[in-house]
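Undergrad: Sequence and predicted structure are below.
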Amino acid sequence: MTRKRRVYAARVPAEQRRADLLDAALSLVAAAGQSAVTMAAVAERAGVTKPVVYGVFDNRADLLDALLRREQEQALGQVLEILPRDLAASPLELLPRVLSDFLDVVARTPDRWRCVVLPMPDLPAEFHAARDAARALTVARAQDFARAVLPWLDAEIAAHTMVTLAEMAARLVLTEPDRFQPDRFVEALSALTAPRVH
């Protein structure tokens, strides 16, 4: 009787293996929520054996923590990247453009933004603390933006309003994409900020 040879995962650099496993976990979170993320499910999704996953992450909690921290860091990087450095343009042009750029990022990386803006109550306190810290940094940058382009407004209130609007728009775009397309939000904000003719 011929013995079937065991199939082993191809050797890849450690950082690439880690990224592949996190990508597999992210696709599981996006498809069925964080409860779907088990070491066996991640191994199957990534096309490796369970010991390969345990060779990179100690346990499920370690894997989830690494995943959500990665997604938060990359999401924050995306937000900071789209905030304009040249603030010479009119706020009436800048605000809709920033919202459009943000929702474009959400549409291009929806799985990441589900981890960031949708409720995930059963995650560890450390994750929520990291999410709060990332949000606080975003609000601080939005406050700098508000001071520069909306000097007649309370910058702190304006910053919280802008971040809350962006989060709400992202949630609706992610959960009801047929009803809430990014263009609807951009057009509404453009109409809201357009100069009134008396």
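TA: In hand now; what should we look at? Residues are numbered from 1 along each chain as shown.
Undergrad: Please count neighbours and contacts with C-alpha atoms only from this point.
TA: Fine.
Undergrad: Next, work out how far apart the residue nearest the centre of the chain and residue 172 are.
TA: By CA atoms, centre = their mean, the chain has its centre lying nearest to residue 113, at 2.9 Å. Residue 113 sits 12 Å away from residue 172 when distances are taken as CA to CA, to the nearest Å.
Undergrad: and the residue nearest to the centre of the chain, which of the three is it?
TA: Here residue 113 takes the helix state, with states given by DSSP: H, G, I helix; E, B strand; the rest coil.
Undergrad: quick one: contacts of the helix or strand bottoming out on mean pLDDT in the chain?
TA: Ranked by mean pLDDT, DSSP states H and E, the weakest helix or strand in the chain is helix 125-149, scoring a mean of 85. For helix 125-149, contacts defined as CA atoms under 8 Å, 6 or more residues apart in numbering pick out 65, 68-69, 72-73, 76, 79-80, 87, 90-91, 116, 153, 155-156, 158-160, 162-163.
Undergrad: from those, which ones fall inside helices?
TA: Counting by DSSP state H, those place 65, 68-69, 72-73, 76, 79-80, 91, 116, 155-156, 158-160, 162-163 in helices.
Undergrad: Could you tell me which of the residues you listed count as buried?
TA: Among those, those buried by neighbour count (16 or more other CA atoms under 10 Å) are 68-69, 72, 76, 79-80, 91, 116, 155-156, 158-160, 162-163.
Undergrad: any idea which of these is least confident?
TA: Among these, residue 91 carries the weakest pLDDT, at 65.
Undergrad: Good, wrapping up.
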